[in-house]
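Sequence plus predicted model, see below.
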Amino acid sequence: MNIRFLTIAQKEVDDAYCWFEQRSKGSGMEYLSELHQVVHLIARFPLAGQEIEPEIRRCLFARFPYALIYGIDDQAIVVIAVAHTHREPQYWIEREW
(Lines give C-alpha, C1' and ligand atoms only; values in the text may rest on other atoms or scores of the structure.)
Protein backbone atom coordinates (compact mmCIF):
# COMPACT_ATOMS: atom_id res chain seq x y z
CA MET A 1 0.00 0.00 0.00
CA ASN A 2 1.27 3.50 -0.81
CA ILE A 3 2.28 5.80 2.02
CA ARG A 4 1.92 9.55 1.84
CA PHE A 5 3.23 12.01 4.44
CA LEU A 6 1.41 15.27 5.02
CA THR A 7 3.83 18.14 4.43
CA ILE A 8 3.71 19.08 8.11
CA ALA A 9 4.44 15.47 9.14
CA GLN A 10 7.49 15.44 6.85
CA LYS A 11 8.65 18.68 8.49
CA GLU A 12 8.36 16.96 11.88
CA VAL A 13 10.62 14.18 10.58
CA ASP A 14 13.14 16.68 9.26
CA ASP A 15 13.13 18.70 12.49
CA ALA A 16 13.59 15.62 14.68
CA TYR A 17 16.43 14.38 12.45
CA CYS A 18 18.23 17.73 12.79
CA TRP A 19 17.67 17.81 16.55
CA PHE A 20 19.10 14.32 17.07
CA GLU A 21 21.99 14.90 14.68
CA GLN A 22 22.98 18.14 16.45
CA ARG A 23 23.15 16.34 19.77
CA SER A 24 25.01 13.25 18.62
CA LYS A 25 26.44 12.61 15.18
CA GLY A 26 24.73 9.58 13.68
CA SER A 27 21.70 9.58 15.99
CA GLY A 28 19.65 11.35 13.33
CA MET A 29 20.30 8.45 10.98
CA GLU A 30 19.32 6.00 13.71
CA TYR A 31 16.05 7.92 14.10
CA LEU A 32 15.42 7.74 10.33
CA SER A 33 16.23 4.04 10.33
CA GLU A 34 13.65 3.41 13.01
CA LEU A 35 11.12 5.57 11.16
CA HIS A 36 11.76 3.44 8.07
CA GLN A 37 11.08 0.27 10.09
CA VAL A 38 7.77 1.65 11.36
CA VAL A 39 6.75 2.77 7.87
CA HIS A 40 7.66 -0.65 6.47
CA LEU A 41 5.58 -2.36 9.18
CA ILE A 42 2.45 -0.32 8.52
CA ALA A 43 2.89 -0.65 4.75
CA ARG A 44 2.74 -4.43 5.15
CA PHE A 45 0.19 -4.45 7.98
CA PRO A 46 -1.86 -1.24 7.87
CA LEU A 47 -4.02 -2.25 10.83
CA ALA A 48 -1.00 -3.01 13.05
CA GLY A 49 -1.17 0.35 14.80
CA GLN A 50 -3.46 0.89 17.75
CA GLU A 51 -6.63 2.80 16.88
CA ILE A 52 -6.54 5.96 19.01
CA GLU A 53 -9.36 7.92 17.34
CA PRO A 54 -11.94 6.80 14.82
CA GLU A 55 -9.99 5.97 11.64
CA ILE A 56 -6.67 7.14 13.13
CA ARG A 57 -3.94 4.77 14.30
CA ARG A 58 -0.66 5.09 16.17
CA CYS A 59 2.46 2.99 15.77
CA LEU A 60 5.17 3.55 18.39
CA PHE A 61 8.88 3.64 17.68
CA ALA A 62 10.90 1.13 19.70
CA ARG A 63 13.94 3.22 20.69
CA PHE A 64 12.81 6.80 20.29
CA PRO A 65 9.89 8.53 22.08
CA TYR A 66 7.95 9.02 18.85
CA ALA A 67 4.80 7.68 17.29
CA LEU A 68 3.68 7.58 13.68
CA ILE A 69 0.08 8.83 13.57
CA TYR A 70 -1.74 7.74 10.43
CA GLY A 71 -5.03 7.17 8.72
CA ILE A 72 -5.97 4.84 5.90
CA ASP A 73 -8.00 5.98 2.92
CA ASP A 74 -8.96 4.15 -0.27
CA GLN A 75 -5.65 4.84 -1.97
CA ALA A 76 -2.95 5.21 0.66
CA ILE A 77 -1.81 5.28 4.22
CA VAL A 78 -1.61 8.94 5.16
CA VAL A 79 0.92 9.92 7.82
CA ILE A 80 -0.72 12.73 9.76
CA ALA A 81 2.07 13.31 12.28
CA VAL A 82 5.34 11.96 13.57
CA ALA A 83 4.72 12.97 17.15
CA HIS A 84 6.93 13.07 20.22
CA THR A 85 5.10 10.95 22.78
CA HIS A 86 6.08 13.04 25.82
CA ARG A 87 4.90 16.38 24.48
CA GLU A 88 1.56 18.01 23.85
CA PRO A 89 -0.82 15.09 23.20
CA GLN A 90 -3.09 15.21 20.18
CA TYR A 91 -1.79 18.53 18.88
CA TRP A 92 -2.26 17.01 15.42
CA ILE A 93 -5.96 16.16 15.90
CA GLU A 94 -7.24 19.05 13.72
CA ARG A 95 -5.05 18.19 10.73
CA GLU A 96 -6.97 17.37 7.60
CA TRP A 97 -5.75 14.37 5.72
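Great, that's in hand. Numbering: from 1, shown residues only.

Run through this structure and note the low-pLDDT ranges.
Judged against pLDDT under 70, the chain has no low-scoring part.

What ranges does it have for its helices?
Assignment of helices within the chain using DSSP state H yields the ranges 7-23, 27-44.

Now distance to Phe61 too, for these, in JSON lines please.
(Each C-beta comes from the backbone N, C-alpha and C, glycine too.) What follows is those, written out as JSON lines (distance: least, C-beta to C-beta, whole Å):
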{"stretch": "helix 7-23", "distance to Phe61": "10"}
{"stretch": "helix 27-44", "distance to Phe61": "5"}
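
Reformat those helices as JSON lines; add mean neighbour count and distance to Glu55.
Converted to JSON lines, these look like this (neighbours: other C-beta atoms under 10 Å; distance: least, C-beta to C-beta, whole Å):
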{"stretch": "helix 7-23", "mean neighbour count": "14", "distance to Glu55": "16"}
{"stretch": "helix 27-44", "mean neighbour count": "15", "distance to Glu55": "14"}
